[in-house]
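Peer 1: Task: produce atomic coordinates for the following.
(chains A and B)
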There are 2 protein chains.
Amino acid sequence: MIDQFERLPGIGPRTAQRLALHLLRQPEDQIRAFADALLAARSQVGQCQTCFHLSAEPLCDICRDGKRCDQLLCVVADSRDLLALERTREYKGRYHVLGGLISPMDGIGPDMLQIPSLIQRVDRDGISEVILALTPSVEGDTTSLYLARLLKPFTQVSRIAYGLPVGSELEYADEVTLTRALEGRRAMQ
Amino acid sequence: MIDQFERLPGIGPRTAQRLALHLLRQPEDQIRAFADALLAARSQVGQCQTCFHLSAEPLCDICRDGKRCDQLLCVVADSRDLLALERTREYKGRYHVLGGLISPMDGIGPDMLQIPSLIQRVDRDGISEVILALTPSVEGDTTSLYLARLLKPFTQVSRIAYGLPVGSELEYADEVTLTRALEGRRAMQ
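Peer 2: Purely as a prediction, here's the structure:
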């Protein structure tokens, strides 16, 4: 059991031991419930057929939610990024999960991601704006530029702001971030 | 000597000891040169009369540089922020150093900063754009809004972008930064 826990990300030998010893002190039916939950999750959780977010149903909670704006589509690399954006409670549109970023170095081309389904969806559903919410890295920038070129015939394309993170000190910001913050300056309302 | 070094920011007892022992091993004239440099810096470095950056001359290097754009003025809280922006080698305009941020909690009002001199300068020099480069904090935002209101009758006012720092992961960004990144999204060219 300790070995199994240690294989999880961010769990070292001491934490693995603590978790294992904790479980050993629990009644057997509780351990069984834990084991069942693991198996059930693995067998039941698949991908939403529309947005490719993790989902136990053919359509995920967000795609089924009738109160969301249908004209706004936010493109993210994976489900963790979608969940981060949901935590802001600011975004009210739909999502599309690519399943990764274009990375020639790692042999990941556009056809290995949910890009054809994205184009189809934007064309079919009359999306008025696609917001690209990809990380500011070489792969993220490559993917953003590639998608912008593909999507422009169908809709308006924007990209989230890159600049100083809230709570940071300007004097400690790296040169590339400061350059982006200067380039991306906005008129004060 | 160890005590004096320890009073410097970021220098603990062990580093202070190492620096002091290093100096003791140097020839006496080198220690005298070090001491003289400290005294000279204190007595000679003042503020630029135009932009209030640190300067040994009445006008700082940047204000004397004839190759810089006279129509663009970047407002920063202090000289450290100015030096951070200079490291990007992207910005070619002039600066104005406020000497702090408006902070009612700390009793710092607009009249205690270089704000009257800023308004005067913008009015007199025909500045076409003022870029506010203040940290994304309560004090920075307060100061930006205050300055934007004052400066708008004279010139165009913009603010550096707040959003995801370059090289960061979207999934680990805090909610406020992600919200700002969404709000500040830009159309792809």
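Peer 1: give the contact list for the residue nearest the centre of chain A.
Peer 2: Most central residue of chain A, judged by C-alpha distance to the mean C-alpha position with Cα atoms, centre = their mean, is A:Asp81 at 2.6 Å. Neighbouring residues of A:Asp81 by Cβ atoms under 8 Å, 6 or more residues apart in numbering or on different chains: A:133, A:135, B:170-171. Heads up, the C-betas are built off the backbone N, CA and C, glycines and all.
Peer 1: And these, which is closest to B:Arg186?
Peer 2: Closest to B:Arg186 out of those is A:Ala133 (12.4 Å), distances taken as Cβ to Cβ.
Peer 1: where along chain A do the helices fall?
Peer 2: A:2-6, A:13-24, A:28-44, A:61-64, A:79-87, A:115-125, A:138-151, A:175-183 (DSSP state H).
Peer 1: how about these in TSV, adding mean pLDDT?
Peer 2: Output for these, formatted as TSV (pLDDT from 0 to 100):
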stretch	mean pLDDT
helix A:2-6	89
helix A:13-24	90
helix A:28-44	88
helix A:61-64	95
helix A:79-87	92
helix A:115-125	94
helix A:138-151	94
helix A:175-183	87
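Peer 1: For those helices, state which one has the densest average packing.
Peer 2: Mean neighbour count (mean count of other Cβ atoms under 10 Å in any protein chain shown) peaks for helix A:175-183 among the helices of chain A, with a mean of 21.
Peer 1: A:His96 is in contact with A:Leu73, isn't it?
Peer 2: Yes - using Cβ atoms under 8 Å, A:His96 makes contact with A:Leu73 at a distance of 5.8 Å.
Peer 1: Could I get the contacting residues of A:Arg25?
Peer 2: No contacts exist for A:Arg25 under Cβ under 8 Å, 6+ apart.
Peer 1: cool, and A:Val76?
Peer 2: A:82, A:85, A:95-98, A:133-134, B:170.
Peer 1: Which one of those residues is nearest to B:Ala41?
Peer 2: The nearest one, if we look at these relative to B:Ala41 and count by Cβ to Cβ, is B:Leu170, at 43.9 Å.
Peer 1: Pull the number of nearby residues for the closest one.
Peer 2: B:Leu170 has 24 neighbours, counted by other Cβ atoms under 10 Å in any protein chain shown.
Peer 1: Same check on A:Gln49?
Peer 2: 13.
Peer 1: Distance check, the closest residue to A:Arg64 other than its chain neighbours against A:Cys48.
Peer 2: Leaving aside its chain neighbours, A:Arg64 sits nearest to A:Glu57 (7.5 Å; criterion: Cβ to Cβ, 6 or more residues apart in numbering or on different chains). Applying Cβ to Cβ, to the nearest Å, the value for A:Glu57 to A:Cys48 is 8 Å.
Peer 1: out of those two, which sits in the busier spot?
Peer 2: A:Cys48 (22 against 13).
Peer 1: Please name the residues that touch the more buried one.
Peer 2: A:Cys48 neighbours (Cβ under 8 Å, 6+ apart): A:54-55, A:57-60, A:62-63, A:97.
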